[in-house]
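In: below are the sequence and a predicted model; questions follow.
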Amino acid sequence: ETGVTQSPTHLIKTRGQQVTLRCSSQSGHNTVSWYQQALGQGPQFIFQYYREEENGRGNFPPRFSGLQFPNYSSELNVNALELDDSALYLCASSTGTTSGANVLTFGAGSRLTVL
Amino acid sequence: GQQLNQSPQSMFIQEGEDVSMNCTSSSIFNTWLWYKQDPGEGPVLLIALYKAGELTSNGRLTAQFGITRKDSFLNISASIPSDVGIYFCAGQRVGGGSNYKLTFGKGTLLTVNP
């Protein structure tokens, strides 16, 4: 059973650029969530995707967007990068639907540095 | 964004000692979870709690879901060097369209001196 895999592991961008991060969910999982973890902080919920649709969003601006594909993999896109976007971006998958507790399995994350 | 109140922020202990950390919230959660994060890795689930008052163990780890549903604690007994890492509590609400997101604490950094 493969776990959650994310790519790239590290990347450096400059302010104003755009970035795409990718996530393959754990086998058998149909729901993907994205979290932002700033240095020294706990992860913050960005959004969740279920059946290729956004199923809830945290307090992040519209320049944070995502996609989920039929194979349940997902992308996180961030436009017009700002310095404060520097963080570890975590993808998590689960078997939950729109009801019931979701036990999330996290990937190792993509470390984004914005200069 | 909202984060749970987790304490202590850090702990430095001797191998073999017991450890206790806790998490409080101003709002109710239906599920409490405890995760451990090692450097360069994502959080790994340690214990999940689903009912108020529930006490659950996983090896040397014991966690409890507070009866008010606004708090939880994690105990680690007889600590060993590999317990080093950052421990996060997380709360989740179920139902009402908000049953998907986890709200995390800021973490407790545990250092174990051999």
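Out: Done, it's in. Numbers count the residues shown, from 1 in each chain, chains lettered A, B, ... in the order given.

In: need the contact partners of stretch A:44-63.
Out: When contacts are taken as CB atoms under 8 Å, 6 or more residues apart in numbering or on different chains, the neighbours of stretch A:44-63 outside the stretch itself are A:30-38, A:64, A:66-70, A:74, A:76, A:78-80, A:96-98, B:1, B:3, B:97-98, B:100-104. C-beta coordinates here come from the backbone N, C-alpha and C atoms, glycine included.

In: okay, and the beta partners of the residue most central in space within chain A?
Out: Among the residues of chain A, A:Trp34 comes closest to the average C-alpha position under CA atoms, centre = their mean, at 2.8 Å. When bridges are taken as DSSP bridges, the partners of A:Trp34 come out as A:Phe47, A:Cys91.

In: correct me, but it touches A:Asn77?
Out: No: counting by CB atoms under 8 Å, A:Asn77 is not a contact partner of A:Trp34; they are 10.4 Å apart.

In: find residues that contact each of the two.
Out: Common neighbours of A:Trp34 and A:Asn77 are listed as A:Gly66 (criterion: CB under 8 Å, 6+ apart).

In: what pLDDT does residue 104 get?
Out: Just going to use chain A. Here, the pLDDT recorded for A:Leu104 equals 87.

In: wrong chain, I was asking about chain B
Out: In the prediction, the pLDDT value recorded for B:Phe104 is 95.
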